[in-house]
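In: sequence first, then the predicted structure, then my questions.
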Amino acid sequence: MSNKQYKQLSFILNGKKVSASVDVRESLADMLRNEFGMTSVKKGCEVGECGACTVLINGNPYDSCIFLAAWIDGKEVTTVEGLVDIDGNISDIQQAFIDEAAVQCGFCTPGFIMSAEHLLNTGKRFSRDEIRKALSGNMCRCTGYQNIINAVENTMDKRLAEKDTEK
Amino acid sequence: MEVGRSAKRVDAFDKATGRAKYTDDLCPKNAYVSRILHSTIAHGRVVHIDTSEAQKIEGVVKILTCFDVPDILFATAGHPWATDPSKQDISDRKILNEHVRYYGDDIAIVIAEDYVSADRAIRALKVEYEEYPFVLDPIEAMQEGAPVIHEERPDNVLGHSTIRIGNYEEAIKEPGLIKVEGWYHTPTVQHAHIENHVCYAYEEQGGRITVVTSTQIPHIVRRIVAQALGLPWGKVRLIKPYIGGGFGNKQDALYEPLCAWMTTQVGGHPVKFDTSREETFVSNRVRHAMHAHITSWLKPDGTFVARKLKLWSDQGAYASHGHGVSQKGMGAFPQVYPCDNVETDCWTVYTNKPVAGAMRAYGIPQAMFQLESHTDDIITQLKLDPYEFRKKNCMPMGYVDDFSKNELYHDSFRDTMDKARIMMDYDRKRELYKNQTGPVRRGIGMALFWYNTAVWPISIETSTSRMLLQPDGSVNLMTGETEIGQGCDTVFAQMAADAIGIRTEDVHVFTNQDTDVTPYGSGAYGSRQTYVGGFAIAQTGKLLREKILKHAHSLTRMPVEVLDIVDGNIVRKQDGRILMSLEKLSTEILYDFKLSESIAAESTYSVQSNAYSFGVSIAEVEVDIPLCKVKLLDIVNVHDCGTLINPALAEGQVHGGMSMGIGYGLYETLLIDPKTGRVLNDNLLDYKLPTTMDHPDLKVGFVENAEPTSPYGTKALGEPPTCSPAPAIRNAVLQATGVGVNTIPMNPHQLFKDFSKAGLIESEEERQLRKKASGDLKDTVIHVIGEQETKTPIETKTPEFQPRGN
């Protein structure tokens, strides 16, 4: 009855070239968690509704629970683990989540941070309503989103101010 | 002082970097997985389950059914054990159930090597049922001839309680009284924490079972698992890692007994059960839906003379927390507006629906919707002012409750109302929004809430803490109280720091309860932990200090009376001189040839008091009448939760509770098919959980009236923010439209009914009649709510404000 098929993949995970042999039915979320120990990738619905499993694929946010692992071959994946540098320094958006008390139970946090990271990486200025819209695919039941939006807005302001001074 | 400072969460770094480990992150890779077969009928009996085809599927380890489980009925409610049998929770279910009582009941389980095999096996199981009639409403379930859900309760009534104050029947005979009455209905909603419940279990040490689980109440669930399996309590060890939210759903034994039993059936091999989102909605717990009928008799000046409440609470299929929830809701009725003549009755009734249990604020969001909606109905009928009426009638300072002996030590209701009025510019807006016309109108409304901190004197309120001084002068803190996202580990660290005399950063909180290691605490519910845990921490900190200062005396020869611990140093009080650091003292004492001691303290505090917590919501809305849509423009919650231990975390807690309260008022409801009893919206797409787009920025205010019974001046905050947003929004809609919506959520479906009934828009019947009269019979398409034509009886213009998307 077993008809397991495996596929050999290689891709870039958090800046490092990796390879794996995966069951072709497996989701990217499961592969990242089970094969690579990326437990920041959380599963809250497994059908692409809650956003807890959001990762960046080639810089764009995806629900990794409904993205087949087999499709990742040759692509670049970033998870929250990848936002911490080799010396253990965390990114500005992670620090903002800590400073703004945007973390409560923490289960949605990595997904939110990845969606926010994508938004911030555009280098554009967004209104508060636009930030709300951009993050509406991530669900949180603890924070009422208030401090999460504050954290993203503040980080955006800081990054844009730094960009201005560089000019 | 560390208390009162917005210290950063002790767990924020780990959570923001993905390092915090939740149950599923810790499960061994070789664990078997499992899937439950849920019933596809609402009521009946499983006659036979044919497992033959399913057994043949490769990867299936074992299939177990309701005919295999221990013949033990157990209670799942997450309450401390009561040694008095009359106060114990109701045992009415087995690990898997032969008598199926709702669509989604657990009847069989497949243990497999992987999910694909488990899912295939579930689909291959063939079930033969004997079907019974079912009932989905608590009032109908109480009628003569209704289907009997549990044989031992032929009337389906799980509990009936009353309150009698004064003499209602006599009091209403007074001439000149005005009667106001109404029905109020609140829906079934689900907690929808983002981490679904998950647990795994294994055996070690020759038959001792360890369960690792996403729970709010590790010590309690340990006891329930042992009871469900008929084991001595010491044979079960329970570990709680980080948990991704609970809100009361995980204040219940969910699948821990099943998981523990499964491992015993496969030789102690680890077995995991993880709930899918769909199962979370159907087969975990939900909030009790309630019907309430309230009658008030008042003098024309707005003085209450007599009041009556009848309350029916929908328990669903099993007892879980049961009657306690409706009792708590009913208990609020005579407290918010004390009255000399009160008569209340509440019934908790079994139905063939998903099981209702604890959910954030335990009956009070229901009660506040009923009570505060009714309050504005009174105000409308008597043409009174909402603020003045509440100010005149609300619980006054000095009020003492007969049962709990709780006292209101401050003028909390009026203080919070006054602060909220200023924050929302309430008086001006209330005046501005008078007498509006047109399709798009605004309104502003308020609602109060009352909440009891913790559960004394209904149950024990016991907390234990253990403090271990480390050689570097830091302290490891363990309690049985659980971090579920609310931030208790951080406030415990702050409290302990003050109790000992060290910095918050030097308190290391052991966050993951393990019943083999962490001392007893009842866990996260009843907004109890900061209040109750605070007593144990203050007391244990004192014991630790005494031990440290005794050793400081040995090392410095200074009398204990002149010594203090400040910022991690032993200080002489008289001149403030630092005599030695705690680090030096701790290391020297540990390694001293004569005095050697690992300095530690542990103590239990059993609290014999309770504290009232209060607050108010004010909401401002804009209602698009033709579209039947409410847009929430602005909302504030002001709380008196005593002294704030950590203002930033307190504010975050209020935001989350407000969001849940807004969802309760405007969006959320678990829809059940009346023909089958099946839940129709068991997913996050169809169940309308608020997203970032669904409410405005949330405003929070505090009135810090220190609670005199608490060593830190604190009282409930975890649950209270959820209590009052829904009725405040409802009362704002009432001001805007003149329509009191007495059924939530106030979604377009509901508003269409209420607005057409009130003549604000054309009803479907009127529309059909008009079409017939005009001879236009072509359009037979059923009217879709939200696609209102331009030809409405109301004057139409382009709505000025666009409604938010949902």
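Out: Done, it's in. Numbering: from 1, shown residues only, chains lettered A, B, ... in the order given.
In: how many other residues sit next to whichever residue of the stretch 201-350 of chain B sits closest to chain A?
Out: For the stretch 201-350 of chain B, the residue closest to chain A is residue B:244, as judged by CB to the nearest CB, at 2.9 Å. Where you see a C-beta, it was placed from the backbone N, CA and C, and this is true even at glycine. Per other CB atoms under 10 Å in any protein chain shown, the neighbour tally for residue B:244 reads 30.
In: specify the local secondary structure of the spatially closest residue to it that is not a sequence neighbour.
Out: Excluding the flanking residues, the one nearest residue B:244 by CB to CB, 6 or more residues apart in numbering or on different chains is residue B:195, at 2.3 Å. Put simply, residue B:195 is coil when judged by DSSP: H, G, I helix; E, B strand; the rest coil.
In: does any bit of the helix of greatest length in chain A sit next to chain B?
Out: The helix spanning the most residues in chain A, taking DSSP state H as the definition, is helix A:146-166. Yes. On the criterion CB under 8 Å from any CB of the partner chain, helix A:146-166 is in touch with chain B at A:146-149.
In: may I ask which helix or strand encompasses the residue positioned nearest the centre of chain A?
Out: With distances taken as CA atoms, centre = their mean, residue A:114 lies nearest the centre of chain A, 2.8 Å away. Following DSSP states H and E, one finds residue A:114 within helix A:109-121.
In: how about whatever helix or strand comes next after that helix, does it reach chain B?
Out: Next along the chain after helix A:109-121, taking DSSP H and E as the criterion, comes helix A:128-134. Yes. Against chain B, helix A:128-134 shows contacts by CB under 8 Å from any CB at A:128, A:131-133.
In: now for these: which two are most distant?
Out: Within those, A:128 and A:133 form the most distant pair, 9.9 Å apart (CB to CB).
In: list the contacts of the closest residue to chain B within chain A.
Out: Closest contact between chain A and chain B, by CB to the nearest CB, is at residue A:40 (2.3 Å). Going by CB atoms under 8 Å, 6 or more residues apart in numbering or on different chains, residue A:40 touches A:79-81, A:110, B:17-19.
In: wait, the residue of the stretch 201-350 of chain B closest to chain A touches residue A:42, no?
Out: Yes. Residue B:244 is within contact range of residue A:42, at 7.2 Å (criterion: CB atoms under 8 Å).
In: mutual contacts of the two, please.
Out: A:107-108, B:22, B:194-195.
In: now the residues you listed in TSV, please, with extra columns for neighbour count and distance to residue B:471.
Out: TSV is the format used below for the shared contacts of residue B:244 and residue A:42 (neighbours: other CB atoms under 10 Å in any protein chain shown; distance: CB to CB, whole Å):
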residue	neighbour count	distance to residue B:471
A:107	29	35
A:108	30	38
B:22	20	31
B:194	28	39
B:195	30	36
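In: show me the two of those that sit farthest apart.
Out: Among the shared contacts of residue B:244 and residue A:42, A:108 and B:22 lie farthest apart (CB to CB), at 11.8 Å.
In: how is chain A divided into domains?
Out: A:6-83, A:92-166 (automatic domain parsing).
In: can you tell me which of those is packed in deepest?
Out: Mean neighbours per residue, mean count of other CB atoms under 10 Å in any protein chain shown, is largest over the domains of chain A for domain A:92-166, with a mean of 21.
In: between the two ends of that domain, how far is it?
Out: 17 Å (CA to CA, to the nearest Å).
In: so what sits against both of residue A:108 and residue B:22?
Out: What both residue A:108 and residue B:22 touch, as defined by CB under 8 Å, 6+ apart, is the set A:42, B:244.
In: longest single helix anywhere in chain B?
Out: helix B:529-556.
In: tell me the helices and strands packed up against that helix.
Out: Helix B:529-556 sits against strand B:462-469, strand B:475-479, helix B:488-500, strand B:563-566, strand B:569-572, strand B:578-581, helix B:582-591, strand B:600-606, with contacts defined as 3 or more CB pairs under 8 Å, 6 or more residues apart in numbering or on different chains; DSSP states H and E.
In: what comes up buried for the host helix or strand of residue B:772?
Out: In this structure, residue B:772 is located in helix B:764-773 according to DSSP H and E. Within helix B:764-773, the residues scored as buried using 16 or more other CB atoms under 10 Å in any protein chain shown are B:767-768.
In: with just CA atoms, put it into PDB.
Out: Written as PDB, here are the backbone C-alpha positions of helix B:764-773 (Å, rounded to 0.1, in the frame of the first residue of the first chain):
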ATOM      1  CA  GLU B 764     -37.700  40.700   2.400                       C
ATOM      2  CA  GLU B 765     -41.500  40.200   2.600                       C
ATOM      3  CA  GLU B 766     -42.100  43.900   1.900                       C
ATOM      4  CA  ARG B 767     -39.800  43.800  -1.000                       C
ATOM      5  CA  GLN B 768     -41.500  40.800  -2.600                       C
ATOM      6  CA  LEU B 769     -44.900  42.400  -2.100                       C
ATOM      7  CA  ARG B 770     -43.800  45.700  -3.700                       C
ATOM      8  CA  LYS B 771     -42.400  43.700  -6.700                       C
ATOM      9  CA  LYS B 772     -45.700  41.900  -7.100                       C
ATOM     10  CA  ALA B 773     -47.700  45.100  -6.800                       C
END
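In: what backbone torsions are found at residue B:510?
Out: phi -80, psi 100 (degrees, to the nearest 10).
In: determine the number of other residues adjacent to the closest residue to it other than its chain neighbours.
Out: Of all residues not flanking residue B:510 in the chain, residue B:478 sits nearest, at 4.5 Å (CB to CB, 6+ apart). By other CB under 10 Å, 23 other residues sit near residue B:478.
In: can you check residue B:238 too?
Out: For residue B:238, the count of nearby residues is 28 (other CB under 10 Å).
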